[in-house]
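J.: let me see the structure of the following:
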Amino acid sequence: MSAGGPETSAGASEWPLPRNADGTPVLLSGGNPQVPKGDGDAPVQAYISAMPGWKRGLGRRLDELVVGAVPGVRKAVRWNSPFYGTDEGGWFASYHVFTRYVKVTFLNGSSLRPVPPGSGKDEDSRWVDIHEGELDEEQMAEWFRQAAGLPGWHGF
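T.: This next block holds a predicted model:
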């Protein structure tokens, strides 16, 4: 599924992050962290550590929920977003920071029950925008479990 090798337990401090002159991580439009492409836990943890404000705690909790719901989950960062997948099924979810929320996208979300509320041009993808204090942990863990059992995306 990915060419980056096995998952690693390396911390965020071991993944190179672009930094501003004052040492803070570079944030792109909407506050999304700029994180180099990479496979494994280290780039995902670097992304989470660079998430601004309350979104950092949300990123940590999302990561914990997916790891708890999907044993052996694979991780990667592509297009400045963490991706989660399985060797057998492909990539099933990602998230991205915006100014007022974090968008969690399920690549085959139209098959989830209940179907996540966000939709667009891709008839299969669905997402949920999570604002501060709005995480439904039970529903999110259930969506991660369901999504991991569906055929995912095998690109990149």
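
J.: C-alpha from now on. contacts and neighbour counts both.
T.: Will do.

J.: what about residue 43, neighbour count?
T.: Using other CA atoms under 10 Å, the number of residues around residue 43 comes to 30.

J.: wait, residue 93
T.: That count, for residue 93 with other CA under 10 Å as the rule, works out to 26.

J.: from residue 20, how far off is it?
T.: 29 Å (CA to CA, to the nearest Å).

J.: quick one: which helix or strand includes the closest residue in space to residue 81 that isn't next to it in sequence?
T.: Leaving aside its chain neighbours, residue 81 sits nearest to residue 96 (5.4 Å; criterion: CA to CA, 6 or more residues apart in numbering). Residue 96 belongs to strand 90-97 when assigned by DSSP states H and E.

J.: after that strand, next one along is what?
T.: strand 102-106.

J.: packing partners for that next one?
T.: Strand 102-106 sits against strand 90-97, strand 126-130, with contacts defined as 3 or more CA pairs under 8 Å, 6 or more residues apart in numbering; DSSP states H and E.

J.: next, the contact list for residue 101, please.
T.: Each residue near residue 101 by CA atoms under 8 Å, 6 or more residues apart in numbering is listed here: 55, 129, 130, 131, 132.

J.: strands along this structure, start to end?
T.: For the chain, the strands defined by DSSP state E cover 38-39, 74-78, 81-86, 90-97, 102-106, 126-130.

J.: nearest to residue 118, out of the ones you listed?
T.: Comparing these by their distance to residue 118 (CA to CA), the top pick is strand 126-130, with 4.6 Å.
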